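Chemist: Next comes the sequence, and after it the predicted model I'd like to discuss.
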Amino acid sequence: MLRCAAPAAAQTLRTAWGDPDLQGIWDFRTITPLERPEDLGDKAFLTVEEAAAAEQAAIERDRELWEAEAQRTEAGGNVGAYNNFWMDAGTKPIETRRTSLIIHPPNGRFPELSEVGEERAAARRAHLEAHPADSYTDRNTSDRCIVGFNAGPPITPLAYNQNMQLFQTPDHAVIFTEMVHTPRIVPLDGRAALDSSIRLWSGDSRGRWEGDTLVIETANFRAERAWVPLTLGGSVERLLHIIQSMASSENMTLVERIRRVDEDTLEYTFTVSDPDTWATMPMARTEIPLFEYACHEGNYSMEGILSGHRADERRAAGKQ
């Protein structure tokens, strides 16, 4: 497994009981995409000048969007999306200047699906085409406000609310993500994992210390949970392909590694098996508190999706 280089800590901060202190609120915004853009080929790192140019381009894009004229939505047509006020994707690439957060495979891109994975993806696409919104159960867990699309596990940056708070006791760690406010409680006391018949939306996690690194192993994900590794890199077509095809199965296993690089930085590395993908990402300490997250503010989005689909069905049947 490859890992990004990071500066060594001069001295590891410790809790009152002697474990490495990982506590705080941590910001994982970055313009570095999860998946390397195809046009970069095997280029693993940006130059200093290229990283500076990418940062300036992100700043200019935000400025242009702030100053753009308002555009009305079109009844029965393009309803648009959130304006830039709500987006908070950051303006900086990660410190190591990697061209992707994925560091294995070496091309920085998602590996090809297995034969079983291809079959599952084809079945998923066919189902979504025939049944996009028969019921709320046809919608993904982000639409249903069950699991945040960037909150994990594993945690991956995307769009907004890109913060997490970490708490520790001698025998537990708690990872609390701002997106959908999901608290993941990780026992550190060596207790056995749950029976495989017990499935959870965020899986069943068990943690341990390896030196100064907190290692968290998670399994027993619900089949409906289906982690989709969304990425800001690449084309719209690539994003749609990922959404429709690259969801995990209930057999996904996850290993996360968290260590404190210095007073203001956590290094967060994860390995996903199903198929295998590796990524590493820095998290910067922030003094800004976590804000309330009201997913869809009463979930009117779901009501709109389902009622719109019912109207399409009536129109197709000649009843409207």
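Modeler: Looks like it arrived, so ask away. Quick caveat: nothing in here was measured; it's all calculated off a predicted structure.
Chemist: Tell me where the stretch 101-250 of the chain has strands.
Modeler: 102-104, 163-169, 172-177, 183-187, 204-210, 213-219 (DSSP state E, counting those that start in this stretch).
Chemist: and the fifth one, which strands flank it?
Modeler: Taking DSSP bridges as the criterion, strand 204-210 forms sheet pairs with strand 213-219 (antiparallel).
Chemist: Just the CA atoms of the partner strand, as CSV, please.
Modeler: Coordinates of each C-alpha in strand 213-219 appear next as CSV, following Å, rounded to 0.1, in the frame of the first residue of the first chain:
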residue,chain,number,x,y,z
THR,A,213,-2.2,5.3,14.9
LEU,A,214,-5.8,4.6,15.6
VAL,A,215,-6.9,1.6,13.4
ILE,A,216,-10.6,1.1,12.8
GLU,A,217,-11.9,-2.0,11.1
THR,A,218,-15.6,-2.0,9.9
ALA,A,219,-17.8,-4.7,8.4
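Chemist: how far is it from where the chain is centred?
Modeler: 17 Å (Cα atoms, centre = their mean, to the nearest Å).
Chemist: Other residues contacting that strand?
Modeler: 20, 22, 153, 173, 186, 193, 196, 202-209, 252-259 (Cβ atoms under 8 Å, 6 or more residues apart in numbering). Backbone N, C-alpha and C define where each C-beta goes, glycine included.
Chemist: Can you tell me the SS state at the residue nearest to residue 92 when sequence neighbours are not counted?
Modeler: The shortest distance from residue 92 to any non-neighbouring residue, by Cβ to Cβ, 6 or more residues apart in numbering, is to residue 55 (5.5 Å). Following DSSP: H, G, I helix; E, B strand; the rest coil, we place residue 55 in the helix state.
Chemist: Residue 55 is in contact with residue 46, isn't it?
Modeler: No: with contact defined as Cβ atoms under 8 Å, residue 55 does not count as touching residue 46 (10.2 Å).
Chemist: circling back: which stretch in the strands of the stretch 101-250 of the chain has the least confidence?
Modeler: Lowest mean pLDDT within the strands of the stretch 101-250 of the chain: strand 102-104, at a mean of 87.
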